[in-house]
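Participant: Fold the following and give me the result.
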Amino acid sequence: MFNSAKIVFAAFLTAVFMSIAPFTAFATEGGGGAYGNGAEDSMSGNVPGPGFWFVNYMNYYHSDEFKDNNGDTLLGKDQFEVTTLANIFRFAYTSNVQILGGNLGGYLLVPLVYADVKTPVGSDTNEGLGDMTISPFISWHTKNFHWAVAFDVTTPTGDYDKDEVANIGRNYFTFEPLVAFTYLADNGFEFTGKLMYDINTENNDTDYKSGQELHADYFAGYHAGPWTFGLNGYLYKQVTDDELNGNEVKDNRGQIMAAGPMVSYFFKGQSIVLKYQKEFEAENKSEGEKVWLKYFVHF
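Facilitator: Residues are numbered from 1 along each chain as shown. Just a heads-up that it's a prediction; the model follows:
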């Protein structure tokens with residue numbers, strides 16, 4: 001019985017860790033998904049024009065509280081604490097090839113993850129390569145409106161052991177169609193959203209299949225010269241049940257929201273973003289806080 005409990009809790013912790021790996025995002029197999037919710041913000045729909053571009057995401061996540069199906073605290077700091085650090089590299093290229101009037105491109109995301117975990121079934125640390133993501137995309141632009149569609153495929157390249165509590169990989173594939181859009185008014189006001197839907201395959205080591213997930217990042221703010229200020233965050237809702245050995249897992253769907261301030265500075269084809277996100281309204285997930293530091297450059 002102890003080993004079974006440890007496997008289930010390890011699955012949950014895997015989800016926690018991957019919440020900070022964008023395009024590696026919680027219940028599902030214990031509470032998370034392949035995407036790091038909150039990774040995107042201002043101008044996410046405004047995909048760079050033809051050429052190579054690069055984004056570096058640095059993320060800190062901390063939680064010492066896990067919520068149950070009713071949103072009440074199931075585990076507190078005396079039993080549960082997770083701290084993760086991640087650096088995610090996005091290597092991208094936008095081509096001159098036109099499809100339906102938009103530019104075709106693609107990107108690769110490579111996460112490096114460190115996790116420090118305390119749980120009722122043990123404590124552990126782990127570090128290394130997480131689950132990598134590859135995706136094609138098409139992007140369009142008008143005077144005030146920019147948007148893009150993509151199809152992310154997250155691959156099980158990260159370290160995983162069903163008997164460990166600190167995993168930095170999920171051990172299954174996730175397929176994620178998405179659309180990102182940005183509206184930038186002439187007076188400098190901006191609204192951006194990125195809507196995603198995750199379809200997960202089965203973890204063959206645990207016979208667990210995570211449910212499907214609907215989630216979105218958002219930003220609303222104002223541009224003043226090279227500076228941008230605003231509110232950013234994310235919304236997440238699991239929309240189908242998990243399955244264990246082909247049977248539905250009831251009362252285990254996750255949800256969470258987050259909000260916080262963001263500031264960015266743009267200079268010479270580059271930008272730096274600093275943002276904070278506080279989580280709330282969690283169910284079947286850990287509830288904590290995130291800090292992001294992003295660097296972008298278009299070659």
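Participant: pLDDT weak spots in the stretch 101-250 of the chain?
Facilitator: For the stretch 101-250 of the chain, no stretch is flagged by pLDDT under 70.
Participant: What segments of it are helices?
Facilitator: Read by DSSP state H, counting those that start in this stretch, the stretch 101-250 of the chain holds no helices at all.
Participant: quick one: the strands in it?
Facilitator: Per DSSP state E, counting those that start in this stretch, the stretch 101-250 of the chain carries strands over the ranges 102-119, 122-129, 133-141, 145-154, 174-184, 189-200, 202-203, 208-209, 213-224, 227-238, 242-244, 247-249.
Participant: Tell me the secondary structure at the residue sitting nearest the centre point of the chain.
Facilitator: By Cα atoms, centre = their mean, the mean C-alpha position of the chain lies nearest to G36, the distance being 1.3 Å. Following DSSP: H, G, I helix; E, B strand; the rest coil, G36 is assigned to coil.
Participant: what's the answer for D78, then?
Facilitator: At D78 the chain is in coil, as set by three-state DSSP.
Participant: Can you give me the end-to-end span of stretch 126-138?
Facilitator: 36 Å (Cα to Cα, to the nearest Å).
Participant: quick revisit: thought N59 was touching the residue nearest to the centre of the chain, still the case?
Facilitator: Yes: in this structure G36 lies within contact range of N59 using Cβ atoms under 8 Å: 6.7 Å. Every residue, glycine included, has its C-beta placed from N, CA and C.
Participant: right, and the strands of the stretch 101-250 of the chain - which one's nearest E164?
Facilitator: When the strands of the stretch 101-250 of the chain are compared by Cβ to Cβ, strand 122-129 sits nearest E164, at 6.3 Å.
Participant: Mind giving me the packing neighbours of the closest one?
Facilitator: strand 102-119 (3 or more Cβ pairs under 8 Å, 6 or more residues apart in numbering; DSSP states H and E).
Participant: Convert the strand it packs on to PDB, retaining C-alpha atoms only.
Facilitator: The C-alpha trace of strand 102-119 is given here as PDB (Å, rounded to 0.1, in the frame of the first residue of the first chain):
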ATOM      1  CA  GLY A 102       0.400  34.100 -42.600                       C
ATOM      2  CA  ASN A 103       4.100  33.300 -42.100                       C
ATOM      3  CA  LEU A 104       5.100  29.700 -41.300                       C
ATOM      4  CA  GLY A 105       7.700  29.000 -38.600                       C
ATOM      5  CA  GLY A 106       8.700  26.700 -35.800                       C
ATOM      6  CA  TYR A 107      10.300  26.500 -32.400                       C
ATOM      7  CA  LEU A 108      12.000  24.200 -29.900                       C
ATOM      8  CA  LEU A 109      11.800  24.600 -26.100                       C
ATOM      9  CA  VAL A 110      14.500  23.100 -23.900                       C
ATOM     10  CA  PRO A 111      13.800  23.300 -20.100                       C
ATOM     11  CA  LEU A 112      16.500  22.800 -17.400                       C
ATOM     12  CA  VAL A 113      14.800  22.200 -14.000                       C
ATOM     13  CA  TYR A 114      15.700  22.000 -10.300                       C
ATOM     14  CA  ALA A 115      13.200  20.700  -7.800                       C
ATOM     15  CA  ASP A 116      13.300  20.500  -4.000                       C
ATOM     16  CA  VAL A 117      10.400  18.600  -2.400                       C
ATOM     17  CA  LYS A 118       9.000  17.800   1.000                       C
ATOM     18  CA  THR A 119       6.000  15.400   1.200                       C
END
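Participant: Can you list the strands that that strand pairs with?
Facilitator: In the sheet, strand 102-119 lines up against strand 81-99 (antiparallel), strand 122-129 (antiparallel), strand 133-141 (antiparallel) (DSSP bridges).
Participant: could you dump these to CSV with distance to A220?
Facilitator: Below are those laid out as CSV (distance: least, Cβ to Cβ, whole Å):
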stretch, distance to A220
strand 81-99, 23
strand 122-129, 35
strand 133-141, 20
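Participant: Throw those into CSV and include mean neighbour count, thanks.
Facilitator: Formatted as CSV, the strands paired with strand 102-119 follow (neighbours: other Cβ atoms under 10 Å):
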stretch, mean neighbour count
strand 81-99, 17
strand 122-129, 15
strand 133-141, 18
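Participant: Out of those, the one nearest F280 is which?
Facilitator: Closest among the strands paired with strand 102-119, once you apply Cβ to Cβ, is strand 81-99, at 17.0 Å.
Participant: Quick one: mean pLDDT for that closest one?
Facilitator: Averaged across strand 81-99, pLDDT comes to 97.
Participant: about what we covered before: packed most tightly, which of the strands of the stretch 101-250 of the chain would that be?
Facilitator: Scoring the strands of the stretch 101-250 of the chain by mean neighbour count under mean count of other Cβ atoms under 10 Å gives strand 208-209 as the most buried, with a mean of 22.
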